[in-house]
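> mind folding the following:
(one chain, ligands or ions: 2)
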Amino acid sequence: MRVAVLGAGAIGAYVGAALHRGGTEVHLVARGAHLEAIRSDGVTVLSPRGDFTARTPATDDPAEIGPVDYVFLGLKANSYASAGPLLQPLLHDRTVVVAAQNGIPWWYFHGLKGPYEGRRIESVDPGGSVTQVLDLDRAIGCVVYCSTELEGPGVVRHLEGTRFSIGEPAGGPSQRCEEFSTAMIAGGLKCPVEADIRRDIWIKLLGNAAFNPISALARATMVEIATHQGTRQMVRLMMEESLEIAAALGCHPDISVDKRLDGAERVGEHKTSMLQDLEKDKPLELDVILAAVVELADLTGVKAPTLRAVHAVADLLASKVGV
Ligand SMILES: NC(=O)C1=CN([C@@H]2O[C@H](COP(=O)(O)OP(=O)(O)OC[C@H]3O[C@@H](n4cnc5c(N)ncnc54)[C@H](OP(=O)(O)O)[C@@H]3O)[C@@H](O)[C@H]2O)C=CC1
Ligand SMILES: CC(C)(CO)C(=O)C(=O)O
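Ligands and ions are numbered 1, 2, ... in the order given. Okay, the predicted model is just below:
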């Protein structure tokens, strides 16, 4: 089994290093000083579970790697539409794509029986530009429950969590999910194959859709948002609205808003990825994390006033960042 990590940043390099440690043949696609550091010293993972270094091959030219069985996509979701030239050399007929993105994926309605089957979500797949690059049949879903940061070139700081839940868009077991899961587990990660990966998508998204934009707007950490009376109430409303939208789409994640809020509070003085991107003047992943949720509210006729209000303000902010 050959794997390429396209976009070996904070999450991608962590996954690549873990797969390598577990004995999988893995190639990293990175760039700049980070690539040079990986080439000379490998990827170093600093983790409360134990530090380790993985000397994996790395390049900025996927043609040097050639076709692989799995592409783990570690790019930010905003760059999927332009990733065609990077992805093409890595594909054979049955290459599978596993994307680390938060939020609503481009394949959300693919294989989902019901009134919305096959529908495209404009916020995440504008004009079909993402599905053109990322073929729907290649996708298996992935929800990342861990947190990592690039501490410097070639160095990943693993903060918490090791779970990468995966699953087929159409549900049920599959050989390709089992094979990928086995390789991830061999590398020391958790990788359950879920019968309904959309439940995990919504469980994670309840937090991201609320905390990420508020954190960027208020420049606040998770614990600050969860313990400030006003923002805690906003998060609560946003989570309740998100659950209403999920239910209208036929998805019923088994989680209470209180449990999700308490979990987020325990993360502590952590800056969300959106606040980190804001501070580095990098484009915000607002479309997949919140615009898509608002679009799904439109689709299902859910009012979602708090999600809409926060989205309006965050969208204005996003239009000024990383441009
Ligand atoms: N980090 C985390 O804890 C979590 C992240 N995620 C999701 O994972 C995804 C990735 O996030 P994260 O790892 O934090 O982001 P990073 O920015 O750390 O990783 C993206 C990497 O892709 C690289 N890249 C972009 N374009 C190219 C290119 N053309 N050639 C080679 N490399 C390229 C970037 O390089 P450069 O820096 O030079 O642009 C960067 O190293 C996001 O969708 C995020 O939502 C989900 C859960 C947790
Ligand atoms: C869970 C949380 C909010 C923190 O890692 C996250 O997923 C993010 O920052 O995007």
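> buried set for stretch 247-266?
249, 251, 253, 255, 257, 260-261, 264-265 (16 or more other CB atoms under 10 Å). Just so you know, the C-beta spots here come from the backbone N, C-alpha and C atoms, and that holds for glycine as well.
> of these, which are in range of ligand 2?
Applying CB under 6 Å from any ligand atom, the subset of the buried residues of stretch 247-266 adjacent to ligand 2 is empty.
> was I right to think Ala248 contacts Thr300?
Yes. Under the criterion of CB atoms under 8 Å, Ala248 makes contact with Thr300 at 3.6 Å.
> tell me the one among the buried residues of stretch 247-266 nearest to Ala216.
Ala264 (15.3 Å; CB to CB).
> that closest one and Ala218, how far apart?
The spacing between Ala264 and Ala218, counted by CB to CB, to the nearest Å, is 14 Å.
> what's the residue closest to the geometric middle of this protein?
Gln101 (1.9 Å; CA atoms, centre = their mean).
> can you tell me the SS state at that residue?
For Gln101, the assignment made with DSSP: H, G, I helix; E, B strand; the rest coil gives coil.
> so who does it touch?
Applying CB atoms under 8 Å, 6 or more residues apart in numbering to Gln101 gives the contacts 73, 76-77, 80, 285, 288.
> need phi/psi at the residue of the stretch 1-150 of the chain found nearest ligand 2.
Here the residue of the stretch 1-150 of the chain nearest ligand 2 is Ser147; by CB to the nearest ligand atom that distance is 4.0 Å. Here is the backbone geometry of Ser147 (degrees, to the nearest 10): phi -130, psi 130.
> that one: how many residues sit nearby?
The local packing of Ser147 (other CB atoms under 10 Å) involves 17 other residues.
> so it makes contact with Leu159?
Yes. Taking contacts as CB under 8 Å, Ser147 lies within contact range of Leu159: 4.3 Å.
> please name the bridge partners of Thr44.
Thr53, Val155 (DSSP bridges).
> check the gap between it and Pro153 for me.
According to CB to CB, Thr44 and Pro153 sit 10 Å apart.
> who's more crowded, these two?
Taking other CB under 10 Å, Thr44 and Pro153 do not tie; Thr44 has more neighbours (19 against 15).
> distance of the more buried one from Tyr14?
In terms of CB to CB, Thr44 sits 11 Å off from Tyr14.
> between the two, what contacts are shared?
Val156.
> tell me which stretches of the stretch 101-250 of the chain form helices.
129-133, 175-186, 197-218, 222-227, 229-248 (DSSP state H, counting those that start in this stretch).
> now these as a markdown table including distance to ligand 1?
As requested, these are exported to a markdown table (distance: least, CB to the nearest ligand atom, whole Å):
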| stretch | distance to ligand 1 |
| --- | --- |
| helix 129-133 | 13 |
| helix 175-186 | 15 |
| helix 197-218 | 8 |
| helix 222-227 | 13 |
| helix 229-248 | 17 |
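> mean neighbour count, these: which tops it?
helix 197-218 (a mean of 23; mean count of other CB atoms under 10 Å).
> quick check, it touching ligand 2?
Yes. Against ligand 2, helix 197-218 shows contacts by CB under 6 Å from any ligand atom at 207-208, 211-212.
> starting at the chain centroid, how far to that helix?
11 Å (CA atoms, centre = their mean, to the nearest Å).
> packing partners for it?
strand 139-144, strand 164-167, helix 222-227, helix 229-248, helix 257-267, helix 273-279, helix 305-318 (3 or more CB pairs under 8 Å, 6 or more residues apart in numbering; DSSP states H and E).
> lowest average confidence across the ones you listed, which one?
Ranked by mean pLDDT, these bottom out at helix 257-267, with a mean of 89.
> kindly export that helix (C-alpha atoms) in PDB.
These are the backbone C-alpha positions of helix 257-267, laid out as PDB (Å, rounded to 0.1, in the frame of the first residue of the first chain):
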ATOM      1  CA  VAL A 257     -25.100  20.800  23.700                       C
ATOM      2  CA  ASP A 258     -24.000  20.900  27.400                       C
ATOM      3  CA  LYS A 259     -21.600  17.900  26.900                       C
ATOM      4  CA  ARG A 260     -20.100  19.600  23.800                       C
ATOM      5  CA  LEU A 261     -19.700  22.900  25.500                       C
ATOM      6  CA  ASP A 262     -18.000  21.300  28.600                       C
ATOM      7  CA  GLY A 263     -15.700  19.400  26.300                       C
ATOM      8  CA  ALA A 264     -14.700  22.600  24.500                       C
ATOM      9  CA  GLU A 265     -14.100  24.400  27.800                       C
ATOM     10  CA  ARG A 266     -11.700  21.600  28.900                       C
ATOM     11  CA  VAL A 267      -9.600  22.300  25.700                       C
END
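> that one vs helix 197-218, what angle?
Following axes from the mean of the first three to the mean of the last three CA atoms, to 10 degrees, one obtains 60 degrees for the angle between helix 257-267 and helix 197-218.
> is helix 257-267 up against ligand 1 anywhere?
No. Judged by CB under 6 Å from any ligand atom, helix 257-267 makes no contact with ligand 1; its nearest approach is 11.1 Å.
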